[in-house]
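**Q** Below are the sequence and a predicted model for it; my questions follow.
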Amino acid sequence: MNLNQINETRKIIVIDDNPDIFDDFCNILCKEEDWYGLDDIEATLFGEAVHRGKSRVHPEYELAYAAQGKDGAEMIKKACREGSPFQLAFVDMRMPPGWDGLETTKYIWEIDPDVQVVICTAYSDYSWEQIVRQVGYQDSLLILKKPFDHAEVSQITIALLSKWILSKQASIKMNELQKMVDLHTEALWQAKERAEVANKTKSEFLANMSHEIRTPLTGIIGMSEMLLKTPLNSEQHSYGAAIYECGEALLAIIKDILDISRIEAGEMSLEAVPFDLKKIIEDIVLILTPQASKKGLTFIMDFDPAEPRHVVGDPGRVRQIILNLAGNALKFTIEGGVKIKVREETVTGDVVQFCIDVEDTGIGIEPKMFNLIFNKFFQADVSFKRQHGGAGLGLAISRMLAELMRGLLTVDSIPGRTVFRLQLPFPIAAAATDTGTTTVKEITEIAEVRGKIHPAYILLAEDNKISQQLIAAILTKEGHQVDIVGNGIDAVEIVKKNNYHLVLMDVQMPVMDGTEAARIIRQLGYCNLPIIALTAGAFPTDREKCLTCGMNDFIAKPLKQAQLLNMIAKWLPPQFKY
């Protein structure tokens, strides 16, 4: 039923064992009678001639009659099937020998619960409480006492029909709105699915591009590192150092882009381990002090000895944020210095809210830029961007990481003074453990190899020629014997022929990849042979994939000489160590 049908129909059924009652309703609702309009009243008041006119008091109604409740219910059912339902039923209370008014009403509402019902009675057969108990409370039910008052019948009819029409109109509108909501919801779901597909495609693209970029970076960074350890004149050394630094800068940008992607995809996981907050800041000061000294700047830490220092959280990400803020501060400070100040703000239970301020005496930031500088790929001063470089991702990542840790990163600045304020909540560590703290040497990846080791027989499975050359050069310089293959099938076959002490296995290789090769090697019974994954994959799932297939450990490209040698020393059997 549409809105036009609702507005056109005025169907009423009278159910009464006395047919004269039906005639009464016809006379009341369908009879033409004299009517005085407002114009006539006005003419009378001012003594003018009255023009009497004929008019129907109400629009015409379509009235139907049934002598018994059961017959009336059948007529209502048929009308519903035909799509032209009754809106109003006048039902007699007593209709022997059939159903009485209450029973008839119950059946009517079982057929069509929207019908407005008026029970007509000359007696007090039931109290209102008894009626409610039998038919339930309904705002579609009225009681009309006989004999009828014509005006009362007319008013009840108009009111109940209007109520039914408004209810139906509202229902149709609600259905239309629901359809619109469903359509929009479906569109949103489709958009969400497209976004998820796009996000997955983006992640796969970034993973592939990371692999493709990291592989040549292995050669650039690794070979320049090797070059710098050979006899060079000052000019040659400066060229080699420039190549190395450019490779490191490119690697930092790649890491930032991957961090942004992981955070946006909800794939960034945080550790919850005990660590020494003060030691992390001390390490950052040690790392950046040479840079500060080169510019003639001071670089100090202010950590109150009374403050708790052993907390639980993700030390790597905390270090990443503070190191980025302090590095930026040194970059944009020409004179004066930088200070990292740590203080306790609030304590709730065993959780301490720390406030870590990184303050500098640099160029300052305009207030209108306070929020913009945390946007991706944005820098407050384009000229400084040209002078100092950078992709404009560091602050965006820092704020995202702070929010992941339920913290806050803000900035306040005036010319000559800028303060980046990092607020982070940390549970206090149960004991003064330091399991999550990395030393400065490990941070800068210049750690000494873990003790001296005897030469070993090592298999390198790697398809990239430059990586083969680099890794082989690092290992042979340490006295190790190295065999090289370019795919997983050859790796499996050569492992069966020779007694290798350790395998370095690239993950992505033609013919057969490294994970499948490692799985087959384990199935062949080589359970104690250390297999170290070499991969340009940089996502946590890459590490999990390597460990699941039976590899012992994981090195992400571009690898460093000390990193590689430390890993080999870690996994070679004890007899190879002095």
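**A** Noted; the coordinates are in hand.

**Q** and the longest helix for this structure?
**A** Scanning the chain for the helix with the most residues, using DSSP state H, yields helix 150-228.

**Q** Can you tell me which helices and strands that one packs against?
**A** Contacts defined by 3 or more Cβ pairs under 8 Å, 6 or more residues apart in numbering; DSSP states H and E place helix 150-228 against helix 3-8, helix 19-30, strand 88-92, strand 116-121, strand 141-145, helix 234-264, helix 465-477, helix 561-571. C-beta here means a position set from N, CA and C on the backbone, and glycine is covered the same way.

**Q** now could you export just the CA positions of the fifth one as CSV?
**A** What it means is strand 141-145. Output of strand 141-145 as CSV, limited to C-alpha atoms (Å, rounded to 0.1, in the frame of the first residue of the first chain):
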residue,chain,number,x,y,z
LEU,A,141,-9.2,0.4,21.5
LEU,A,142,-12.1,2.6,22.6
ILE,A,143,-15.4,2.0,24.4
LEU,A,144,-18.6,3.7,23.0
LYS,A,145,-21.8,3.6,25.0
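
**Q** sorry, back to before: would a markdown table of the helices and strands packed on helix 150-228 with mean neighbour count be doable?
**A** Putting these into a markdown table (neighbours: other Cβ atoms under 10 Å) gives the following:
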| stretch | mean neighbour count |
| --- | --- |
| helix 3-8 | 12 |
| helix 19-30 | 16 |
| strand 88-92 | 26 |
| strand 116-121 | 22 |
| strand 141-145 | 16 |
| helix 234-264 | 16 |
| helix 465-477 | 18 |
| helix 561-571 | 19 |
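
**Q** mind giving me CSV with those and columns for distance to Ile158?
**A** Putting the helices and strands packed on helix 150-228 into CSV (distance: least, Cβ to Cβ, whole Å) gives the following:
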stretch, distance to Ile158
helix 3-8, 15
helix 19-30, 10
strand 88-92, 10
strand 116-121, 11
strand 141-145, 13
helix 234-264, 61
helix 465-477, 90
helix 561-571, 89
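
**Q** what does stretch 223-235 contact?
**A** 237, 240-241, 243-244, 247, 466, 470, 473-474, 560-561 (Cβ atoms under 8 Å, 6 or more residues apart in numbering).

**Q** quick one: buried residues of stretch 407-422?
**A** By neighbour count on 16 or more other Cβ atoms under 10 Å, the buried set for stretch 407-422 is 407, 409, 411, 413, 418-422.

**Q** Tell me which helix or strand comes right after the helix or strand harbouring Pro274.
**A** In this assignment (DSSP states H and E), Pro274 forms part of strand 273-276. Remark: after strand 273-276, the chain's next helix or strand is helix 277-294, criterion DSSP H and E.

**Q** That following helix - what's its average pLDDT?
**A** For helix 277-294, mean pLDDT is 90.

**Q** In CSV, could you pull the C-alpha coordinates for that helix?
**A** This file holds the C-alpha atoms of helix 277-294, laid out as CSV (Å, rounded to 0.1, in the frame of the first residue of the first chain):
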residue,chain,number,x,y,z
LEU,A,277,63.7,4.7,31.4
LYS,A,278,66.6,6.7,32.7
LYS,A,279,69.1,4.4,30.9
ILE,A,280,67.3,4.8,27.6
ILE,A,281,67.6,8.6,27.9
GLU,A,282,71.2,8.3,28.9
ASP,A,283,71.9,6.2,25.8
ILE,A,284,70.1,8.8,23.6
VAL,A,285,72.3,11.5,25.1
LEU,A,286,75.4,9.5,24.4
ILE,A,287,74.4,8.8,20.8
LEU,A,288,73.6,12.5,20.0
THR,A,289,76.3,14.2,22.0
PRO,A,290,78.8,14.0,19.1
GLN,A,291,76.3,15.7,16.8
ALA,A,292,75.6,18.4,19.4
SER,A,293,79.4,19.0,20.0
LYS,A,294,80.0,19.3,16.3
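
**Q** and that helix, what other elements does it pack with?
**A** strand 298-303, helix 315-331, strand 337-348, helix 440-443.

**Q** From the contact counts, what lies against the first one?
**A** Right, the one you point to is strand 298-303. Strand 298-303 packs on helix 277-294, strand 337-348, going by 3+ Cβ pairs under 8 Å, 6+ apart.

**Q** Poorly predicted segments of the chain, please.
**A** In the predicted model, the chain carries pLDDT under 70 at residues 1-9, 31-60, 203, 207, 210-211, 265, 376-392, 431-452, 537-541, 578.

**Q** 50 instead, please
**A** Low-confidence segments of the chain, defined by pLDDT under 50: 33-41, 44, 49-58, 381-390, 434-450.

**Q** what's near enough to touch Met95?
**A** Taking Cβ under 8 Å, 6+ apart as the test, what Met95 contacts is 15-17, 67-69, 101, 104.

**Q** and these, which two are the farthest apart?
**A** The distance between the two most remote of those (Cβ to Cβ) is 13.5 Å, for Ala67 and Gly101.

**Q** For the residue minimising distance to the centre of the chain, pull up the helix or strand it's in.
**A** The chain has Gly266 as the residue nearest its centroid, 6.5 Å off, counting by Cα atoms, centre = their mean. Secondary structure assignment for Gly266, by DSSP H and E: no helix or strand.

**Q** returning to what we had before: point out the most buried one among the helices and strands packed on helix 277-294.
**A** helix 315-331 (a mean of 21; mean count of other Cβ atoms under 10 Å).

**Q** That one versus strand 298-303: what angle between them?
**A** Helix 315-331 runs at 140 degrees relative to strand 298-303, counting by axes from the mean of the first three to the mean of the last three Cα atoms, to 10 degrees.

**Q** Give me the packing partners of helix 315-331, helices and strands only.
**A** Using 3+ Cβ pairs under 8 Å, 6+ apart, helix 315-331 sits against strand 273-276, helix 277-294, strand 337-348, strand 351-360, helix 394-404, strand 417-427.

**Q** Save the ones you listed as CSV, and put in distance to Cys26 too.
**A** CSV is the format used below for the helices and strands packed on helix 315-331 (distance: least, Cβ to Cβ, whole Å):
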stretch, distance to Cys26
strand 273-276, 88
helix 277-294, 91
strand 337-348, 79
strand 351-360, 81
helix 394-404, 75
strand 417-427, 80
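
**Q** Can you check which of these gets nearest to Gly83?
**A** That would be, of these and by Cβ to Cβ, helix 394-404, which comes in at 57.5 Å.

**Q** Could you tell me which residues make contact with Ile458?
**A** 475, 480-483, 500-504, 568 are the contacts of Ile458 under Cβ under 8 Å, 6+ apart.

**Q** Same check on Thr418?
**A** Thr418 touches 329, 332, 359-360, 362, 364-365, 411-412, counting by Cβ under 8 Å, 6+ apart.

**Q** what's the answer for Cys546, then?
**A** 507, 514-515, 518, 533, 535, 554 are the contacts of Cys546 under Cβ under 8 Å, 6+ apart.

**Q** For Leu161, state which of these is nearest.
**A** Thr515 (75.6 Å).

**Q** Surely Asp483 forms part of a strand?
**A** Yes - per DSSP: H, G, I helix; E, B strand; the rest coil, Asp483 lies within a strand segment.

**Q** Pick out the most distant pair among the contacts of stretch 223-235.
**A** Checking those with Cβ to Cβ, the most distant pair is His237 and Ile466, at 21.7 Å.

**Q** quick one on the thing from earlier: now, which of the contacts of Thr418 sits nearest Leu277?
**A** Glu359 (17.8 Å).

**Q** Surely that closest one and Gly416 touch.
**A** No - the criterion here is Cβ atoms under 8 Å, and Glu359 misses it with Gly416 at 11.1 Å.

**Q** my guess is Ala396 contacts Phe374, does it?
**A** Yes - using Cβ under 8 Å, Ala396 makes contact with Phe374 at a distance of 5.7 Å.

**Q** Backbone dihedrals for Leu524, both of them.
**A** Here is the backbone geometry of Leu524 (degrees, to the nearest 10): phi -80, psi -10.

**Q** cool, and the one 4 residues further on?
**A** Its backbone dihedrals place Asn528 at phi -100, psi 0, with angles given as degrees, to the nearest 10.

**Q** if I look at it, how far off is Ser413?
**A** Noted for Asn528: a distance of 59 Å to Ser413, by Cβ to Cβ, to the nearest Å.
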